[in-house]
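>>> A structural model of the following input is requested.
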Amino acid sequence: MPRPIRTLVAASLLAGGLAAMTTAASAQVSVVNGQKLAQRQCGGCHAVSGLKSPLPGAPAFAKLYLRYPPGGLDRVLSEGMLSPQSPPEEGSPPTHPRMPQVKFDDDQRADLKAYLRSLDPR
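Reported below is the predicted structural model:
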């Protein structure tokens, strides 16, 4: 293979590896930010880092995966626990019983979901 082509191939491989590392680092930051957000917004009732919640009956985040099928937690978060990003055209948004809705921006939603997904061993 001529030298210019080898250099181009090597540069492409290096760029691809750096992009993968950047994506992995971004995902890690997202999980860390999600845990901090969960502690701040949800930790008064739910166990965020442990297994015993401050409020009896509030599930520990480490065990949420036992309550929902894979992908089900996203639906529940979007349909009742997190305030909708835009209000419905008619009526009230669905709510989760006994839990106030929380308003997060897109990045916060993504961070919280990344954190909760990181706890699911499936």
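>>> Quick one: the helices in the chain, in order.
Secondary structure of the chain (DSSP state H): helices at 3-42, 72-76, 106-118.
>>> Low-confidence regions, this structure specifically.
1-29, 78-89, 91-99 (pLDDT under 70).
>>> burial of the closest residue to Q39 other than its chain neighbours, as a residue count?
Once flanking residues are discounted, Q39 sits nearest to V48: 4.7 Å by Cβ to Cβ, 6 or more residues apart in numbering. The way it works is simple: take the backbone N, C-alpha and C, and place the C-beta from them, glycine included. For V48, the neighbour count with other Cβ atoms under 10 Å is 23.
>>> thought V48 was touching C42?
Yes. Using Cβ atoms under 8 Å, V48 makes contact with C42 at a distance of 6.4 Å.
>>> tell me, what's touching those two both at once?
Residues touching both V48 and C42 by Cβ atoms under 8 Å, 6 or more residues apart in numbering: F61.
>>> coming back round to it: ok, so what distance separates the residue nearest to Q39 from E90?
35 Å (Cβ to Cβ, to the nearest Å).
>>> Then P59?
On the measure of Cβ to Cβ, P59 and E90 end up 32 Å apart.
>>> These two - which one has more neighbours?
Set P59 next to E90 and count neighbours by other Cβ under 10 Å: P59 wins out with 15 against 5.
>>> residue contacts, that one?
46, 53, 67.
>>> That one and P100, how far apart?
Distance from P59 to P100, by Cβ to Cβ: 16 Å.
>>> Also P54?
Distance from P54 to P100, by Cβ to Cβ: 15 Å.
>>> Y65 now?
Counting by Cβ to Cβ, the gap from Y65 to P100 is 23 Å.
>>> again with H46
Distance from H46 to P100, by Cβ to Cβ: 13 Å.
>>> same check, this time on G34
19 Å.
>>> the more surrounded of those two?
G34 (24 against 10).
>>> correct me, but that one touches D107?
No. Using Cβ under 8 Å, G34 is not in contact with D107; the gap is 10.0 Å.
>>> Could you tell me which residues make contact with L77?
Taking Cβ under 8 Å, 6+ apart as the test, what L77 contacts is 109, 112-113, 116.
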